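In: Sequence and predicted structure below; questions after.
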Amino acid sequence: MFSSEEIERYARHIVLHGVGGPGQQKLKAARVLVIGAGGLGSSLIQYLAAAGIGEIGIADDDVVSLSNLQRQVLHGTSDIGRAKVDSASAAIARLNPHVKVTALRARLTADNARAVIRAFDVIADGSDNFATRYTVSDACFYEKRPLVTAAVGAFDGSLTVLRPYQKSPSGEANPTYQCLYPEPPPEGSVAACSEAGVLGALTGILGAMMALEVIREIVGFGEGLVGKLLLVDALNMRFETVRYCWDPANPLNGTAATSARLPD
């Protein structure tokens, strides 16, 4: 049940066709894990907290630095040197005291990812490295958790949703992260944002869109991004959605699945 304060707080959702009271109850009951409290995580976490997600888990092992503040708007100047999970937790408490926060100051690895992920209903990956993305996508497959994952470059971004443990309407397996990106790029071929730069507002756009996809996964309205990759071109303000399919050669749910990188 909602308190009178919650009813007023979430009034615009409660009167919204497609969400309503039942949808808001689903949001309140949901547990969402956000991986990375940086550029993508900043707006993602704020919109999830404002939406009334019951529990938000935050996994990040970094501290706030001055160079973060150009895009990581969850943190402020006074947070420099502070653990990002602590700064993010304080920001959520200021924004919505009805949200429970679980802070995990750690990097997800093959050793801990499955145990962490199985405690949540939906996973949102805003990490900044391919090792974590592959680890998280594998863990979500084995734990049967929907994964909302995004990435940004200097002036571009991408977003998709993964549910490879389920079948598509045609009866074929849904694609995995490896169907989209079979192998990580060669070492050194993708410049870090400290070298190439990144447009601060772009991370906010993609983070907010991640929040929308998480809410869509929980409430169940509209058509999501499973099997579709949303591409954002901030230089020309263009959005494009391309479809991608299940690859029978992928190591998770392919015809000769062999992946054992994440034993339980």
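Out: Right, received. Where do you want to start?

In: So which elements touch the top helix by length along the chain?
Out: For the chain, the helix with the greatest residue count under DSSP state H is helix 200-219. Of the remaining helices and strands, those touching helix 200-219 by 3 or more Cβ pairs under 8 Å, 6 or more residues apart in numbering; DSSP states H and E are helix 20-29, helix 39-51, strand 122-125, strand 147-152, strand 156-162, strand 228-233. All C-beta atoms are positioned from the backbone trio N, CA, C, and that covers glycine.

In: Give me the below-cutoff pLDDT ranges for the stretch 101-250 of the chain.
Out: 188-194 (pLDDT under 70).

In: now the longest helix of the chain: how far from the chain's centre is it?
Out: 8 Å (Cα atoms, centre = their mean, to the nearest Å).

In: who's in contact with Ser43?
Out: Val73, Leu74, Thr203, Gly204, Ile205, Gly207, Ala208, Ala211 (Cβ atoms under 8 Å, 6 or more residues apart in numbering).

In: Could you tell me the model confidence score at it?
Out: For Ser43, the model assigns a pLDDT of 97.

In: do the same with the one 3 residues further on
Out: As summarised for this prediction, Gln46 has a pLDDT of 98.

In: So it sits against Leu74, correct?
Out: Yes: contact criterion Cβ atoms under 8 Å: Gln46 and Leu74 qualify, at 6.4 Å.

In: Compare neighbour counts for those two and give me the winner.
Out: Leu74 (27 against 21; other Cβ atoms under 10 Å).

In: Distance check, the more buried one against Ala91.
Out: 5 Å (Cβ to Cβ, to the nearest Å).
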